[in-house]
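**Student:** Fold the following.
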Amino acid sequence: ASADQTICRGEAPLALNLGAVSGGSGNFSYQWQVQSAGSGWSNIPGATQAIYSPPALFQTTQYRVVQTDNHCAPGQQVSSNAVTITVHSALVSGVAGSNQTICFAETPALLNLSLPGGGSGNFSYQWQYLEAVGDWTDIPGANGRSYQPNPLAEMVKYRVIQTDLFCEPNQQLTSNIVTINVYPQLTPGLANFDQTICYGETPDPLVAQPPSGGSGQFNYNWQVLNGFGNWLNINGATTLTYSPPALFVTTKYRISQIDPYCNPDQSVASVAVTITVHPQLVSGSAGPDQVLCFNEMPVPIAGTLPTG
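**Tutor:** Predicted coordinates:
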């Protein structure tokens, strides 16, 4: 009979052909038989020709054909060689990893597909993505078990199609879906309004609103602008409220708002709050001293305005 075959689970083997029979009277009949694991040889109803087409198979199975010379009394019988149809185990999808949550414009962690189970071992891979609107789309060049997504600004889903190229037609499975959730873009909260104070006065406390977007896990640091145009952190000023000291020059403050969930940390800064400080008050002059005679009228006193 035909040579052994190896097929994928659920495939139909090629037709089995007995080939030429030698000797005997030439008055032959045929009966194909089947044997699977744990069973004996059994006749296949209706399989009485020299060619037999097995059905789709789900386990390794053997076939043979019993040939009978009907001229003989009793009929003489011989059995062909056994043809083994080896059936690969069912293809089981690999796992494409777990969901992730990242910050806006961050790069997700590498996606890794575990090796598929079963099948022939001759696999190809195609990663696909799905955005909020649209259909699953192949990612050009993403044909390995690992895929590195680009930085993302919105939620994207990924999966990988695994194809067993040995099968005819090719058998395919789809992995689990990996969802990359993206936090909204971090936007700074507002700090309260500009102030104008007198020289040496203490401003009202500065109060900022929390930022919007991001992970919700925020750190804060108030900053002051120095004379060289650099923003410097103020030690200990790490809440949404800051009470500046008494000021003698116009000073700018802002709050840096940091999302430590991100990698690296993402930070934004509020609009600067300007504390305008009036110049130091300097007294005006009341004029020079005068010396008068008794009952004399003084010269009018003409002072100067204060400054500051």
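
**Student:** What segments of the stretch 1-150 of the chain are strands?
**Tutor:** Taking DSSP state E, counting those that start in this stretch, the strands of the stretch 1-150 of the chain run over residues 5-7, 16-17, 28-36, 42-43, 51-52, 61-69, 76-79, 83-87, 100-102, 111-112, 123-130, 137-138, 146-147.

**Student:** weakest of the ones you listed in terms of mean pLDDT?
**Tutor:** Of all the strands of the stretch 1-150 of the chain, strand 76-79 carries the lowest average pLDDT, namely a mean of 86.

**Student:** In the chain, what residue spans correspond to helices?
**Tutor:** Applying DSSP state H to the chain gives no helices.

**Student:** lowest confidence element among the helices and strands of it?
**Tutor:** Taking mean pLDDT, DSSP states H and E as the measure, the chain has strand 76-79 as its least confident helix or strand, at a mean of 86.

**Student:** what's that one packed up against?
**Tutor:** strand 61-69 (3 or more Cβ pairs under 8 Å, 6 or more residues apart in numbering; DSSP states H and E). No exception for glycine: its C-beta is placed from N, CA and C like everyone else's.

**Student:** Could you list the residues in contact with the strand it packs on?
**Tutor:** Under the criterion Cβ atoms under 8 Å, 6 or more residues apart in numbering, residues 1, 16, 18, 21, 24-25, 27-36, 41, 50, 52, 54, 75-85, 87 lie in contact with strand 61-69.

**Student:** 6 Å instead, please
**Tutor:** Contacts with strand 61-69, where a contact means Cβ atoms under 6 Å, 6 or more residues apart in numbering, come from 1, 16, 18, 21, 24-25, 28-36, 75-80, 82-85.

**Student:** re earlier: chain center to the least confident helix or strand of the chain, what's the gap?
**Tutor:** Centroid separation for strand 76-79 versus its chain: 65 Å, with Cα atoms, centre = their mean, to the nearest Å.

**Student:** That strand: partners in the sheet, and parallel or antiparallel?
**Tutor:** strand 61-69 (antiparallel) (DSSP bridges).

**Student:** Could I get the buried residue list for the partner strand?
**Tutor:** By 16 or more other Cβ atoms under 10 Å, the buried positions in strand 61-69 come out as Thr61, Gln62, Tyr63, Arg64, Val65, Gln67, Thr68, Asp69.
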